[in-house]
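> dropping a prediction and its sequence here:
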Amino acid sequence: MSSSSGNYSGSSGHMCTYETCVLRTSLTVDNFGRRFLGCSRYKVGPKCPFFRWIDNPTCMRGNEAAHLVQQKLQLAYEREREATQAAAEAIQAAAEATQMAEIAQDRAAKATERERKFRASSVQAKEIAVRALEQERKCRIALILSWCFFILVMLFSCFGSSENVGMMRLSLPDGL
Ligand SMILES: [Zn+2]
């Protein structure tokens, strides 16, 4: 960076003059806030070396303050970066928690379904057991009745007349 003595300096395919050049303010630490005239095509395309300070050099205290400002900006930038990272991690953790909750809900639903099926099958088993008991009870009654009939027949054949036995046989149902 050097002050230009003339109205323009040419190179890089074009020329800047006082009419076409641009007034800017330096943001560098060593010349913070110092205005200058510069090439109009700065940051656009090939620029010429046209350059001239407008303000006097920044005082020593100004340069010190610029250093402090730069350090604070750097610190603020670091904090913002950390905060952004923390926020991203929090979002990630929330997403993982949501996923875990969904998995847990799914498992709970499956467990409920299994329990429902188990209850239904246990009800069926109870019904079958009740029917079996009923069947067994009927069989016992039939057995007892057949024994009673057998004993009666024996008693009639031993002590009763042959006519009474015949009447007894007629009064009992078939198959017993
Ligand atoms: Zn230029």
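That came through, no problem. Residues are numbered from 1 along each chain as shown.
> when you work out contacts or count neighbours from here on, use the C-alpha atoms and nothing else.
Fine.
> looking at the chain, which helix is longest?
helix 60-159 (DSSP state H).
> any idea how far that helix is from the chain center?
Using Cα atoms, centre = their mean, to the nearest Å, the mean C-alpha position of helix 60-159 is found 19 Å from that of the whole chain.
> let me know the average pLDDT across it.
For helix 60-159, mean pLDDT is 95.
> who are the packing partners of that helix?
helix 162-171 (3 or more Cα pairs under 8 Å, 6 or more residues apart in numbering; DSSP states H and E).
> which bits of the chain sit near the ion?
The chain has residues 16, 39, 47, 48 near the ion, with proximity defined as Cα under 5 Å from the ion.
> most widely separated two among these?
Taking Cα to Cα, the two most distant members of these are 16 and 47; they sit 9.0 Å apart.
> shared neighbours, the two?
39, 40 (Cα atoms under 8 Å, 6 or more residues apart in numbering).
> quick one: which of the residues of the chain next to the ion is nearest residue 65?
Closest to residue 65 out of these is residue 39 (27.9 Å), distances taken as Cα to Cα.
> test my guess that the closest one contacts residue 19.
No. The pair residue 39 / residue 19 is not scored as a contact, 10.9 Å apart, by Cα atoms under 8 Å.
> didn't residue 55 look like it was pressed against residue 33?
No. If you go by Cα under 8 Å, residue 55 and residue 33 don't touch, sitting 9.0 Å apart.
> neighbour-wise, which of those two wins?
With neighbours defined as other Cα atoms under 10 Å, residue 55 and residue 33 compare such that residue 33 has more, 18 against 12.
> so who does the more buried one touch?
For residue 33, the contact set (Cα under 8 Å, 6+ apart) comprises 25, 26, 27, 58.
> buried subset of these?
Buried members of the contacts of residue 33, scored by 16 or more other Cα atoms under 10 Å, are residue 25.
> CSV for the contacts of residue 33, including secondary structure?
Listed next are the contacts of residue 33 as CSV, based on DSSP: H, G, I helix; E, B strand; the rest coil:
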residue, secondary structure
25, strand
26, coil
27, coil
58, coil
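> tell me which element residue 33 is part of?
Per DSSP states H and E: residue 33 is located in neither a helix nor a strand.
> and residue 24, by the same measure?
strand 22-25.
> show me how far that strand is from its chain's centre.
The gap between where strand 22-25 is centred and where its chain is centred comes out at 52 Å by Cα atoms, centre = their mean.
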